[in-house]
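**Q** what follows is a predicted protein model with its sequence.
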Amino acid sequence: ATYQLELPREILARGVHNAFHASLLRPHWPNDDRRFPGRQHFQLPGFSEAPKEWAVTRVLSHSGRGEDATFELEWSTGDVTWAPLHEVRHLQALDEYCEAQGLTSVRR
């Protein structure tokens, strides 16, 4: 069974869906602010602000060739992930990486 919850709009704005499978739900125990201060969602740093968009800041390296190539990406959050060519073709960071590597184009 799936249940829909009434979530605060701040949480919905973060992209959290309001439908959950019953196996993921647990009883709610309200926070005791005297014992655990700072646990309200509006007290968490950056939670009330508009969600920030993640962006690729640069391509760090690559592996493979042609359509099988994968690229190591650094995100604006500092996270590093790998993505295949078909997901990064449109990025300016890929163009800058290719230029730095001396490549005139990526084989499409």
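**A** That came through fine. Everything numeric here is computed off the predicted structure, so don't read it as measured data.

**Q** roughly how far does residue 69 sit from residue 91?
**A** With distances taken as Cβ to Cβ, to the nearest Å, residue 69 is found 13 Å from residue 91. For glycine as for every other residue, the C-beta is placed from the backbone atoms N, C-alpha and C.

**Q** how about residue 10, secondary structure?
**A** Of the three states, residue 10 takes helix according to DSSP: H, G, I helix; E, B strand; the rest coil.

**Q** now it: how far from residue 16?
**A** According to Cβ to Cβ, residue 10 and residue 16 sit 10 Å apart.

**Q** the more surrounded of those two?
**A** residue 10 (16 against 12; other Cβ atoms under 10 Å).

**Q** and the more buried one, what pLDDT?
**A** What the model reports for residue 10 is a pLDDT of 79.

**Q** got any ranges where this protein has weak pLDDT?
**A** Within the chain, the stretches falling below the threshold (pLDDT under 70) are 38-53, 105-108.

**Q** show me the contacts for residue 69.
**A** 62-63, 84-85, 106 (Cβ atoms under 8 Å, 6 or more residues apart in numbering).

**Q** which helix is the longest one in this structure?
**A** Assignment by DSSP state H gives helix 92-101 as the longest helix of the chain.

**Q** just checking, what packs against that helix?
**A** With contacts defined as 3 or more Cβ pairs under 8 Å, 6 or more residues apart in numbering; DSSP states H and E, the secondary structure elements packing on helix 92-101 are strand 56-63, strand 70-75.

**Q** just the CA trace of the first one, in CSV.
**A** What it means is strand 56-63. Output in CSV follows, covering the C-alpha atoms of strand 56-63 (Å, rounded to 0.1, in the frame of the first residue of the first chain):
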residue,chain,number,x,y,z
VAL,A,56,29.0,20.8,-13.3
THR,A,57,31.9,23.1,-12.6
ARG,A,58,34.5,21.1,-14.6
VAL,A,59,35.4,17.8,-16.1
LEU,A,60,38.4,16.2,-14.2
SER,A,61,39.2,13.2,-16.4
HIS,A,62,37.8,10.6,-18.7
SER,A,63,38.0,6.9,-19.3
